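Peer 1: Pasting the sequence and the predicted model now:
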Amino acid sequence: QKEVEQDPGPLSVPEGAIVSLNCTYSNSAFQYFMWYRQYSRKGPELLMYTYSSGNKEDGRFTAQVDKSSKYISLFIRDSQPSDSATYLCAGLDTGRRALTFGSGTRLQVQP
Amino acid sequence: NAGVTQTPKFRVLKTGQSMTLLCAQDMNHEYMYWYRQDPGMGLRLIHYSVGEGTTAKGKVPDGYNVSRLKKQNFLLGLESAAPSQTSVYFCASTTGNSNQPQHFGDGTRLSIL
């Protein structure tokens, strides 16, 4: 079983839609959870991070973590064509400061 | 501010050849990492370093070696390349504080024939 599971998509939505991206994880030691965005032929860039359970909002993006069910979510409101990218969720092993990534979900926002 | 720079960007090797990938960061970060990214597998940690002169194994270290002789540089070596090592390699660095992000380079695309 992978430590972080993520639906690979692709997910195609019209511009303006609300997007929900989800991951599950199995490692109870993860304390920090991150969402990275990766454009084609580029390195991942941090979008949001959350410590333990709870919500965090930043503009059109909301990250949610439910540690009881080991479920991580990212919501994108008013999606834009520029949001088209691959979204990677990750859990942080605080001992090694190393991330364990999901396989990524490819999102396409149609104009 | 360049951030994390990886060289080369592309390379084609023959099976059995050796090569070194270079990662350089100008943010004075303590921690540096090498990941590989394969379709459907996400990024997997190969090796990492928590400071100059230190290295440690990640989840998929076999067939790779690393060195961190200078704080700003982290080298990934393939001694005898195999087709299974065809991948996109990413380097990342961070301060080491848990709430600080890892900064990634733009990757090295390596094909082994």
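Peer 2: That came in fine, so what should we check first?

Peer 1: Can you tell me how far the residue in chain B sticking out farthest from the centre is from A:Phe33?
Peer 2: Distance from the centre of chain B peaks at B:Asn99, with 21.8 Å (C-alpha atoms, centre = their mean). Distance from B:Asn99 to A:Phe33, counting by C-beta to C-beta, to the nearest Å: 12 Å. To be clear about C-beta, it is placed using only N, CA and C from the backbone, and glycine gets the same treatment.

Peer 1: Mind listing the shared neighbours of the two?
Peer 2: A:49, A:51 (C-beta atoms under 8 Å, 6 or more residues apart in numbering or on different chains).

Peer 1: Could you list the low-pLDDT ranges of the chain?
Peer 2: In the absence of a named chain, this looks at chain A. A:96 (pLDDT under 70).

Peer 1: wrong one, chain B
Peer 2: Short version for chain B, where the test is pLDDT under 70: B:1, B:98.

Peer 1: can you pull the contacts of the most centrally placed residue in it?
Peer 2: In chain B, the centroid-proximal residue (C-alpha atoms, centre = their mean) is B:Trp34; its distance is 2.9 Å. When contacts are counted by C-beta under 8 Å, 6+ apart, B:Trp34 touches B:21, B:23, B:45-48, B:58, B:64, B:66, B:74, B:76, B:89-91.

Peer 1: what about it, which SS state?
Peer 2: At B:Trp34 the chain is in strand, as set by DSSP: H, G, I helix; E, B strand; the rest coil.

Peer 1: how about the residues of chain B that lie near chain A?
Peer 2: With C-beta under 8 Å from any C-beta of the partner chain as the criterion, chain B comes near chain A at residues B:4, B:31, B:33, B:35, B:40-45, B:48, B:50, B:56, B:58-59, B:90, B:92, B:94, B:96, B:98-99, B:101-102, B:104-107.

Peer 1: Farthest from the middle of chain A: give me that residue.
Peer 2: A:Pro111 (22.3 Å).

Peer 1: list the contacts for that residue?
Peer 2: A:Pro111 neighbours (C-beta under 8 Å, 6+ apart): A:15, A:81.

Peer 1: do A:Glu15 as well
Peer 2: Counted by C-beta under 8 Å, 6+ apart, A:Glu15 has contacts A:79-81, A:109-111.

Peer 1: Drop anything exposed from those residues.
Peer 2: Neighbour counting by 16 or more other C-beta atoms under 10 Å in any protein chain shown classes A:79, A:109 among the contacts of A:Glu15 as buried.
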